[in-house]
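*Asks:* give the three-dimensional model of this entry:
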Amino acid sequence: VIRTCIKSGERRVAMAVFHQMQQQVQVGELCQPDVVTYNSLISTCKLHGEWEDAMRWFDEMQQEGLKPNSYTFQALMATFEISKQWKKAQEVFDSMKSADIKPDTMMYQSLISSLEAADEWERAGQSAAEMYAWQRKVYNESCSVDNRRNTVERR
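*Replies:* Residues are numbered from 1 along each chain as shown. Here you go, the predicted structure:
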């Protein structure tokens, strides 16, 4: 419901639904916000460049005992990119990697764009090199799996 409200531009309705969910949890009803709920709220912040609110939702999510997933980090990184918050983007990117969530191309691109917008060219170049190394590794691993699969199939 929250995601649908957000996509149709009904941000106030989405927030009202979220607050109603929180109230129902307090009285013992079963409509508890989950990772998808928080991801939707963070994505809303991305649409409006509200990185402080995105971080607030991210922090609240973790305080509620919910573990961020790759979509959470993608939404945060995109919010920081739009808001030109390269330091926050770098901070979250590093925390994501230390939480064993592997960055994908979109996350790297958000970080690199944030760095470029801030004229942090050296950092952007380092991140681009890291991204290309990651892409080569993924490609080589997929080729290795395909080669093993072909070898097994031929036997």
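*Asks:* need the longest helix for the chain.
*Replies:* What stands out as the longest helix in the chain, according to DSSP state H, is helix 121-154.
*Asks:* name the helices or strands packed onto that one?
*Replies:* helix 105-117 (3 or more CB pairs under 8 Å, 6 or more residues apart in numbering; DSSP states H and E). Backbone N, C-alpha and C define where each C-beta goes, glycine included.
*Asks:* let me see the mean pLDDT of the helix or strand that contains V13.
*Replies:* Per DSSP states H and E: V13 is located in helix 11-26. Averaged across helix 11-26, the pLDDT comes to 74.
*Asks:* also compute the angle for the longest helix of the chain relative to helix 105-117, please.
*Replies:* 160 degrees (axes from the mean of the first three to the mean of the last three CA atoms, to 10 degrees).
*Asks:* okay, buried residues for the helix holding V13 please.
*Replies:* Neighbour counts over helix 11-26 (16 or more other CB atoms under 10 Å) mark 11, 14, 17-18, 21 as buried.
*Asks:* what of stretch 55-62?
*Replies:* Neighbour counts over stretch 55-62 (16+ other CB under 10 Å) mark 55, 57-58, 61 as buried.
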